[in-house]
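sequence unavailable; structure follows:
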């Protein structure tokens, strides 16, 4: 419909811009954020020139996209611009509060959630479930999970009542995630696992297994299962979560490293002895995912991007190399170790000497192992 309107009406016609913005809304919901950026770049000048509802919808879409790309401060700037243009509303203040919460500014998050609830009571458009969820998350992140839990449970029940279903909406799943992780924080692991399982099941049904929402859910479930001692059940979940995270548009290095490290620890810490051939076979399943991570780091130029955390990129390469070593892929591990070493040696504001020595020792080991294999 967008392409037809471009041909019939032209690229800057109101109808074309409206259809493009509807497509953008769908793409954001599917986490296709690169396509979203491209479309918004195309239409933003025309929307800004026309002003009014078109421009407001365009900048709101940009803010939502930035939020899902973890660019929270950039998203906040646009939300504040929107507030200047249209004034306060419960929905806008909720969005601002969630963004403040994501950057750890809990005072402002609590302020805007509280104001959003007040505006909602005055008839402003908004969603009570999202505001309750946000208020609960603020309490949890301020170190009060016991106070947070009933608020989060209230949000979950509100979504169920509002949607008139137990499992038909991703909003219900998001509330299950928050309740489950609050139980996890309180050490109530069976309750936490139950809620996260429910969330993963709903996400699979509503947004599919390739969605970052599903990937996050099974990653959290894997973490809880590990804490319960259910390592064999956790391992495929962690691997699937890592694979989806590696392929999604909004590549998040910190999440990638944590999942890689969790996989490594599953095979190296507090585990019954495993035959070397079995260990190699099990860890060889990760090779494809690890190669995807290498490719994404190159595509996004994260080694040279001044905004990226070089230390995180370095430990991604190092941990990936260690998993390749566990897979018996010594030759494949060498370039990962070399890239990790180069990055670590360039970091001057943190003592990386232990990590550097570990890379040097590992490089010596894989070089000797490769030489021995050649001799055989």
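On my side now, so go ahead. Quantities reported herein were computed from a predicted structural model and do not represent experimental measurements.

C-alpha from now on. contacts and neighbour counts both.
OK.

leaving out chain neighbours, which residue sits closest to residue 210?
Residue nearest to residue 210 in three dimensions, not counting chain neighbours: residue 244, with 6.2 Å by CA to CA, 6 or more residues apart in numbering.

that neighbour touches residue 212, doesn't it?
Yes. Assessed by CA atoms under 8 Å, residue 244 is found in contact with residue 212 at 6.8 Å.

which parts of the strand or helix carrying the residue nearest to residue 210 are buried?
Using DSSP states H and E, residue 244 maps to helix 231-247. Applying a neighbour-count criterion of 16 or more other CA atoms under 10 Å, one finds 231, 234-235, 237-247 buried in helix 231-247.

by contact count, what packs against whichever helix or strand comes after that helix?
On the C-terminal side of helix 231-247, the nearest following helix or strand under DSSP H and E is helix 253-268. Taking 3 or more CA pairs under 8 Å, 6 or more residues apart in numbering; DSSP states H and E as the contact definition, the neighbouring helices and strands of helix 253-268 are helix 231-247, helix 310-326.

got a list of contacts for the helix or strand that helix 253-268 is followed by?
Scanning forward in sequence from helix 253-268 by DSSP H and E, the next helix or strand is helix 276-283. Outside helix 276-283, the residues within contact range by CA atoms under 8 Å, 6 or more residues apart in numbering are 267, 323, 324, 326, 327, 328.

stretch 132-145 now?
Here stretch 132-145 makes contact (CA under 8 Å, 6+ apart) with 94, 97-98, 101, 106, 109-110, 113-114, 146-152, 154-156, 175, 178, 182, 185-186.

try 7 Å
Where contact means CA atoms under 7 Å, 6 or more residues apart in numbering, the residues beyond stretch 132-145 that reach it are 98, 101, 106, 110, 113, 147-149, 151-152, 155, 175, 182, 186.

pipe those into a markdown table and attach neighbour count, pLDDT and secondary structure per row.
As requested, the contacts of stretch 132-145 are arranged in a markdown table below (neighbours: other CA atoms under 10 Å; pLDDT from 0 to 100; DSSP: H, G, I helix; E, B strand; the rest coil):
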| residue | neighbour count | pLDDT | secondary structure |
| --- | --- | --- | --- |
| 98 | 28 | 96 | helix |
| 101 | 22 | 95 | helix |
| 106 | 21 | 95 | helix |
| 110 | 23 | 95 | helix |
| 113 | 27 | 96 | helix |
| 147 | 12 | 96 | helix |
| 148 | 24 | 97 | helix |
| 149 | 23 | 98 | helix |
| 151 | 21 | 97 | helix |
| 152 | 29 | 97 | helix |
| 155 | 27 | 96 | helix |
| 175 | 27 | 96 | helix |
| 182 | 26 | 98 | helix |
| 186 | 14 | 97 | coil |
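
which one of those is nearest to residue 8?
Proximity of these to residue 8, judged by CA to CA, is greatest for residue 98, which lies at 40.2 Å.

from the contact counts, what lies against whichever helix or strand residue 179 is part of?
Following DSSP H and E, one finds residue 179 within helix 170-185. Identification of packing neighbours for helix 170-185 by 3 or more CA pairs under 7 Å, 6 or more residues apart in numbering; DSSP states H and E yields helix 145-163, helix 189-206.

tell me the most buried of the ones you listed?
For those, average neighbour numbers computed from mean count of other CA atoms under 10 Å are highest in helix 189-206, which has a mean of 21.

tell me the helix or strand right after that helix.
Sequence-wise, the next helix or strand downstream of helix 189-206 (DSSP H and E) is helix 212-227.

what is the mean pLDDT for that next one?
Per-residue pLDDT values over helix 212-227 give a mean of 96.

repeat for stretch 298-311
On average, the pLDDT along stretch 298-311 is 88.

can you check stretch 267-285 too?
Averaged over stretch 267-285, pLDDT sits at 88.

return the distance of that stretch from the chain's centre.
Its chain's average C-alpha position is 28 Å from that of stretch 267-285, according to CA atoms, centre = their mean, to the nearest Å.

name the residues of that stretch that come out as buried.
267, 280, 283, 284.

okay, now the residue nearest to residue 257 when sequence neighbours are not counted: neighbour count?
Spatially, and ignoring its direct neighbours in sequence, residue 257 is nearest to residue 316 (5.1 Å; CA to CA, 6+ apart). For residue 316, the tally of surrounding residues (other CA atoms under 10 Å) stands at 28.
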